[in-house]
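Chemist: my questions concern the predicted model and sequence given below.
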Amino acid sequence: MAVIKLPSTELVQQKFSEYVAALGKVAHAWNYLQERLGQLFVATLPTAPHNNLLAVWYSEPNDRAQRRMLRAAISAGALELHGAFDPLPNGARDDVLWLLKSADDLSIKRDRAVHAPCAIATGAEGTEMIAAFFHGHPLAEHLRGKKLLREFDLYEWRAEALSRYAIQIENSLVRGRIGRSKSAWPDKRPSLNRELHRQQRG
């Protein structure tokens with residue numbers, strides 16, 4: 001039978017620090033994505049003042065409700081207003097709705113990362129932070145058995161990819177509206193594939 005040695009205080013602190021850093025990157029990347037969606041909300045409604053639209057966006061403190069506002073604007077034909085400035089591709093509306101659906105899906109994973117209790121654990125494979133599922137916490141159950149640092153890095157990577165896509169769409173809308181040479185609408189949606197993440201991050 002293998003003998004499992006208790007980790008040193010220094011190792012516990014190291015593993016905890018790594019966990020906190022990875023979790024902080026998830027939170028930061030998510031907050032940045034939500035801000036980019038706010039700027040996209042402004043860009044989709046070209047007839048209202050920028051500050052007024054941001055006041056409407058920030059009047060709702062809930063991230064998901066903010067995204068519902070942007071989805072409602074798109075569904076009500078906000079992008080069609082841009083036809084007076086520069087025609088948009090036929091798939092523009094579907095692209096923004098895909099972005100919002102992807103953000104909604106990622107928000108579930110972000111919530112699990114941020115709100116699931118975690119604990120230090122030592123086993124045959126070493127010492128690491130794991131989801132504290134022991135008492136049946138539902139969010140921790142979803143992270144049960146996952147390598148948290150690897151999982152959190154995936155969430156960060158996906159949020160960054162969605163933010164870049166939101167910026168590309170926003171730039172296309174804004175530059176066409178103000179009469180500058182139009183930024184091309186993104187020719188494809190970003191891949192959020194886990195395998196691609198592994199190839200890019202190693």
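Modeler: Received, thanks. Residues are numbered from 1 along each chain as shown.
Chemist: just checking, what packs against the biggest helix by length in the chain?
Modeler: In terms of residue count, the longest helix belonging to the chain (DSSP state H) is helix 9-44. Under the contact criterion of 3 or more CB pairs under 8 Å, 6 or more residues apart in numbering; DSSP states H and E, helix 9-44 touches helix 50-58, helix 63-75, helix 92-115, strand 118-123, strand 126-131, helix 148-177. For glycine as for every other residue, the C-beta is placed from the backbone atoms N, C-alpha and C.
Chemist: and F134, backbone torsions?
Modeler: Backbone torsions of F134, given as degrees, to the nearest 10, read phi -60, psi -30.
Chemist: what about it, how many residues nearby?
Modeler: By other CB atoms under 10 Å, 11 other residues sit near F134.
Chemist: likewise for E151?
Modeler: E151: 18 neighbours (other CB under 10 Å).
Chemist: so what's the nearest residue to it once chain neighbours are set aside up against?
Modeler: Distances taken as CB to CB, 6 or more residues apart in numbering put L143 closest to E151, at 6.9 Å, once the chain neighbours are dropped. Shown in contact with L143 (CB atoms under 8 Å, 6 or more residues apart in numbering): 112-113, 116, 131, 133, 151.
Chemist: still on that earlier bit, out of the helices and strands packed on helix 9-44, which is closest to L40?
Modeler: helix 148-177 (4.9 Å; CB to CB).
Chemist: now do that closest one, average pLDDT.
Modeler: For helix 148-177, mean pLDDT is 92.
Chemist: so the one residue sitting closest to the centre of the chain versus Q200, what's the distance?
Modeler: Among the residues of the chain, the one closest to the centroid is A159, at 3.2 Å (CA atoms, centre = their mean). Separation of A159 from Q200 (CB to CB, to the nearest Å) stands at 14 Å.
Chemist: what's the answer for W157, then?
Modeler: On the measure of CB to CB, W157 and Q200 end up 7 Å apart.
Chemist: among the two, which residue is more densely surrounded?
Modeler: Between W157 and Q200, counted using other CB under 10 Å, the more crowded position is W157 (20 against 10).
Chemist: what's near enough to touch the more buried one?
Modeler: 197, 200-201.
Chemist: got JSON lines for the residues you listed, with secondary structure, pLDDT and distance to I169 too?
Modeler: What follows is the contacts of W157, written out as JSON lines (DSSP: H, G, I helix; E, B strand; the rest coil; pLDDT from 0 to 100; distance: CB to CB, whole Å):
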{"residue": "H197", "secondary structure": "helix", "pLDDT": "85", "distance to I169": "22"}
{"residue": "Q200", "secondary structure": "helix", "pLDDT": "82", "distance to I169": "22"}
{"residue": "R201", "secondary structure": "helix", "pLDDT": "79", "distance to I169": "25"}
